[in-house]
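J.: Just a sequence and a predicted model for now, questions to come.
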Amino acid sequence: MKRHTTFLIAAIGSMLIAVSASADGYLTAVGAGDDEIPVVVVSGTPHEMGFAFGRLMKDQVEGMLIPFLAAAKIADEERYGDANLDAAWKAVSPYIHERFIEELRGLGEGSGVGFDNVRRAHMIPVVSDYSCSGAALWGPATRNGTFYQFRNLDYTMNGGLQNFPAVVVYLPEDGIPHVNVTFAGYIGVNTGMNAKGITLTEMGDSPGREYPYDLDGAHFTTLFRDLLYDADDLDEAVEMIKSAKRIKKYHYIIGDGASGRAVKMLAHAPDLVIWKDNDATDEVAPNVKEGVVYNCEGRDPIGWAHLSKYYGRYDASAVIQLSAAVGGLGGNLLNVVYDGTNLELWVSYAHKRECAYQRAYVHIKMKDYLDMANPPEGAVVLPSN
């Protein structure tokens with residue numbers, strides 16, 4: 001896989017200054033030109049990984065988080081003001097794993113933006129409403145039985161998140177290696193995959209008219225991170241969701257590339273409905289097929305037409321076409337197609353005001369980044385004491 005590092009000199013800023021904490025990580029990139037995507041690989045304890053992420057993308061983290069907080073406050077001062085974001089943190093933090101909080105602290109230290117700014121930025125999705133699309137396809141639905149899943153993140157472009165892409169590969173001291181397709185300085189998971197082939201898609205269902213939301217529970221972005229850390233298979237992932245005290249209304253698609261299966265969940269807290277493939281009780285029935293679960297948030301007819309046309313012939317290229325076909329015009333920030341069988345992904349970020357579905361999907365092989373001792377040529381390696 002060809003890697004490009006043209007952005008790295010500008011990206012690092014003060015990287016050559018000796019770091020003040022022990023941390024391991026490096027920064028590289030995939031793609032070229034406007035399609036170039038930073039890839040950050042970090043290892044160690046949660047605090048060390050957060051610190052490494054923050055230090056390696058110091059300029060981008062500051063450039064994304066501080067304006068994002070300011071833009072949100074301008075859009076809705078009551079909802080996104082410090083007091084309300086602090087109240088959200090107070091409500092959800094008892095349900096957040098300590099390792100996540102420690103990583104946030106490390107991120108704040110490594111980037112220099114501070115813990116308060118980092119945690120407040122992570123509360124914006126908690127109090128927001130948004131919608132997305134996704135599907136999983138496997139077995140008879142695909143050309144070679146390969147497991148595929150996609151996730152489209154439909155969210156406002158006004159916050160400028162699309163200007164700060166980041167694919168983060170975590171090699172934790174304790175836990176399963178995983179990849180988070182995210183933005184600079186955001187460690188919550190909107191979508192991701194772990195080395196066991198667990199793949200995650202979310203679609204938001206909580207409308208703005210229901211705000212303020214009951215936040216006494218776990219938000220999906222931290223729950224999903226737990227799944228990537230700890231779930232060895234689909235059954236474990238499902239049990240983790242069942243046992244969590246969840247908030248708000250979502251659809252989830254949880255896939256297992258190793259075993260080639262997935263489920264769709266109607267996760268409207270506190271209720272949870274789970275559908276397997278070809279389920280006559282699925283909300284989209286009778287539009288169901290073996291080896292397929294999907295939810296396209298108002299674009300189900302478009303998705304079903306594509307599924308019907310290409311059923312049995314899906315490969316990565318066709319799944320990319322499906323993802324693009326159901327993209328949300330005007331607010332499609334990020335799209336990812338996963339091959340959970342071979343641990344590969346294709347990633348597209350919006351650029352300026354151009355939606356992700358209109359852009360190239362850049363290929364990434366997760367296995368290329370699972371050995372911290374062998375960073376790719378041209379990578380910027382974090383110095384350590």
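T.: That came through fine. Note that the structure is predicted; figures quoted are calculated from it, not measured.

J.: Give me the pLDDT value at R353.
T.: As predicted, R353 sits at a pLDDT of 89.

J.: Need the nearest residue in space to G31, chain neighbours excluded.
T.: V362 (4.1 Å; C-beta to C-beta, 6 or more residues apart in numbering). For the C-beta atoms, the positions are set from N, CA and C on the backbone; glycine is no exception.

J.: For beta bridges, what are the partners of the one you found?
T.: For V362, the beta-bridge partners under DSSP bridges are V347.

J.: Count the neighbours of it for me.
T.: Other residues within reach of V362, judged by other C-beta atoms under 10 Å, total 20.

J.: Now do the contacts for it.
T.: Counting by C-beta atoms under 8 Å, 6 or more residues apart in numbering, V362 touches 30-31, 35, 37, 346-348.

J.: how about those in TSV, adding distance to V336?
T.: Below are the contacts of V362 laid out as TSV (distance: C-beta to C-beta, whole Å):
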residue	distance to V336
V30	13
G31	14
D35	14
I37	11
W346	7
V347	5
S348	8
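
J.: Closest one of those to T191?
T.: Checking the contacts of V362 against T191 by C-beta to C-beta gives V347 as the nearest, at 9.7 Å.

J.: count of neighbours near that closest one?
T.: Neighbours around V347, by other C-beta under 10 Å: 25.

J.: Any regions of the stretch 251-385 of the chain where pLDDT drops low?
T.: Applying pLDDT under 70 to the stretch 251-385 of the chain flags residues 329-330, 384-385.

J.: ok, V39 - contacts?
T.: V39 neighbours (C-beta under 8 Å, 6+ apart): 3, 27-30, 167-169, 364, 369.

J.: Could you tell me whether it really is in a strand?
T.: Yes - according to DSSP: H, G, I helix; E, B strand; the rest coil, V39 belongs to a strand.

J.: And the pLDDT at it?
T.: Predicted confidence (pLDDT) for V39: 98.

J.: So among the contacts of V362, which ones count as buried?
T.: The neighbour count (16 or more other C-beta atoms under 10 Å) marks 30-31, 35, 37, 346-348 as buried among the contacts of V362.

J.: which one of these is nearest V181?
T.: Distances from V181 to these, taken by C-beta to C-beta, are shortest for V347, at 5.7 Å.

J.: my guess is that closest one contacts N180, does it?
T.: No - when contacts are counted by C-beta atoms under 8 Å, V347 is not listed as touching N180 (11.4 Å).

J.: what is in contact with those two at once?
T.: V167.

J.: Would you mind giving the contacts of V39 as CSV with distance to C296 and secondary structure added?
T.: CSV is the format used below for the contacts of V39 (distance: C-beta to C-beta, whole Å; DSSP: H, G, I helix; E, B strand; the rest coil):
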residue, distance to C296, secondary structure
R3, 33, strand
L27, 35, strand
T28, 33, strand
A29, 31, strand
V30, 27, strand
V167, 24, strand
V168, 27, strand
V169, 29, strand
I364, 24, strand
Y369, 31, helix
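
J.: F220: which of the buried ones among the contacts of V362 is nearest?
T.: For the buried ones among the contacts of V362, the nearest to F220 is V347 (20.1 Å; C-beta to C-beta).

J.: residues touching that closest one, list them.
T.: 37, 165, 167, 181, 334-336, 361-362, 364 are the contacts of V347 under C-beta under 8 Å, 6+ apart.

J.: and it, how far is that from W138?
T.: According to C-beta to C-beta, to the nearest Å, V347 stands 20 Å off from W138.

J.: Got the phi and psi for A324?
T.: phi -70, psi -30 (degrees, to the nearest 10).

J.: Isn't it up against R359?
T.: No - A324 lies out of contact with R359 (C-beta under 8 Å); the separation is 9.1 Å.

J.: Count the neighbours of G25 for me.
T.: So G25, with other C-beta under 10 Å, has 31 neighbours.
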